[in-house]
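>>> Have a look at this prediction, sequence included:
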Amino acid sequence: MQKQKWLITGVSTGLGRAIAQAALAAGHTVVGTVRSEEDLRAFEGVAPGYAHGRILDMTDSDAVSSVVAEVEQNLGPVEVVVANAGYGLEGTFEETPLAEVRRQFEVNVFGTVATLQAALPHMRRRRRGHLRAVTSMGGLMAVPGMSAYCGSKFAVEGILEALGKEVAQFGIHVTAIEPGSFRTNWAGRSMTRAAQSIDDYDELFTPIRAARQKANGNQLGNPAKAGDAVVHITSIDQPPAHLVLGSDALRLVTAARTAVDEEIRAWETLSRTTDFAQGAQL
């Protein structure tokens, strides 16, 4: 495999760190964004000379652009970008403050967009590259109590699908990485939780929240294997547009998409009634 330069956002912990470690183990050079000097030193210590840290606030789009430009100038062409930085926001739709919803989208959606937009011109000029973003199985199906999070990941999925069709002509591959439940801190200290304030939701949501907290640290997914899978698709000629990771994600995403397909078919007759009788006017 040809050795490449990777840029991965959010490598301090979780899947971002696992993907970075897998890429480093394969001999690639990785620039990883972190939020503190301590995290920067820890990341660079993983593979001195190959792991390069950059402190970055993902909500500062100008800073994101500056980091990408600096890396391109000082370290050379970035062949693989993984927009991974993000977090979970738990809470029913009615109980989640609008300010928290805005912040969820600021990090998960606009931080991802800023990263990919900053890298794209360089890849387009070179007529090659891999643009990736870690979305979630929650970008292809939704669960109660995660409306803001799933909404942000659905948004990223739509952006990536359109982007992939735009840039395929330039030899640029776009992949949405959709993990299920992995043994990281995503559902633990990394998650933001809106306060439960409306009793009407307690019967539905209290058991869901308790089950998620109980499962934290015991999830099925192995982050190291996820990292290996992400590195693997870089080595193939036609990487997937969607990479679902984990058997739980496969089961839940398949069930959700089947339900949508069935509902579309069930209402097909009504859907067709909304056309003009004489057809399109060209």
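Happy to help now that I have it. Residues are numbered from 1 along each chain as shown.
>>> For residue 11, see how far away residue 228 is.
Plainly put, residue 228 is 16 Å away from residue 11 if you go by C-beta to C-beta, to the nearest Å. Placement of C-beta: from N, CA and C, glycine included.
>>> These two: which is more packed in?
Relative neighbour count places residue 11 above the other of residue 228 and residue 11, with 32 against 17, counting by other C-beta atoms under 10 Å.
>>> Assign a three-state SS to the nearest residue to that one once chain neighbours are set aside, would you?
Spatial nearest neighbour of residue 11, excluding adjacent residues (C-beta to C-beta, 6 or more residues apart in numbering): residue 32 at 3.2 Å. Secondary structure of residue 32, reduced to three states by DSSP: H, G, I helix; E, B strand; the rest coil: strand.
>>> number of nearby residues for residue 155?
Under the criterion other C-beta under 10 Å, the count of neighbours that residue 155 has is 18.
>>> What of residue 225?
For residue 225, the tally of surrounding residues (other C-beta under 10 Å) stands at 14.
>>> Now it: which helix or strand?
Assigning secondary structure by DSSP states H and E places residue 225 in helix 223-232.
>>> how distant is that helix from the center of its chain?
With C-alpha atoms, centre = their mean, to the nearest Å as the basis, helix 223-232 stands 14 Å off its chain's centre.
>>> Could I get the buried residue list for the longest strand anywhere in the chain?
Under DSSP state E, the strand in the chain containing the largest number of residues is strand 172-179. Of all the residues in strand 172-179, those buried under the rule 16 or more other C-beta atoms under 10 Å are 172, 173, 174, 175, 176, 177, 178, 179.
>>> which residues sit in contact with the nearest residue to residue 42 once chain neighbours are set aside?
In space, residue 42 comes closest to residue 12 once its chain neighbours are excluded; the distance is 7.6 Å by C-beta to C-beta, 6+ apart. Neighbour list for residue 12: 34, 35, 36, 39, 42, 43 [criterion: C-beta atoms under 8 Å, 6 or more residues apart in numbering].
>>> do you know how far the residue nearest to the spatial centre of the chain is from residue 124?
Per C-alpha atoms, centre = their mean, the C-alpha nearest to the average position across the chain is that of residue 134, at 2.1 Å. Residue 134 is 22 Å from residue 124, where distance means C-beta to C-beta.
>>> what do you get for residue 39?
Taking C-beta to C-beta as the measure, residue 39 and residue 124 are separated by 31 Å.
>>> what about the two, which has more around it?
Between residue 39 and residue 124, counting by other C-beta under 10 Å, residue 39 is the more crowded of the two (19 against 16).
>>> Quick check: the more buried one touching residue 53?
Yes. If you go by C-beta atoms under 8 Å, residue 39 and residue 53 touch, sitting 7.2 Å apart.
>>> Mind telling me what element residue 7 is part of?
strand 5-9.
>>> what angle sits between that strand and helix 223-232?
When axes from the mean of the first three to the mean of the last three C-alpha atoms, to 10 degrees is applied, the directions of strand 5-9 and helix 223-232 differ by 130 degrees.
>>> what are the pairing partners of strand 5-9, and which direction each?
Within its sheet, strand 5-9 is paired with strand 29-34 (parallel), strand 80-83 (parallel), according to DSSP bridges.
>>> can you list these in a markdown table and add mean neighbour count, distance to residue 108 and mean pLDDT?
Putting the strands paired with strand 5-9 into a markdown table (neighbours: other C-beta atoms under 10 Å; distance: least, C-beta to C-beta, whole Å; pLDDT from 0 to 100) gives the following:
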| stretch | mean neighbour count | distance to residue 108 | mean pLDDT |
| --- | --- | --- | --- |
| strand 29-34 | 26 | 15 | 98 |
| strand 80-83 | 26 | 10 | 98 |
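>>> Kind regards, and thank you for your time.
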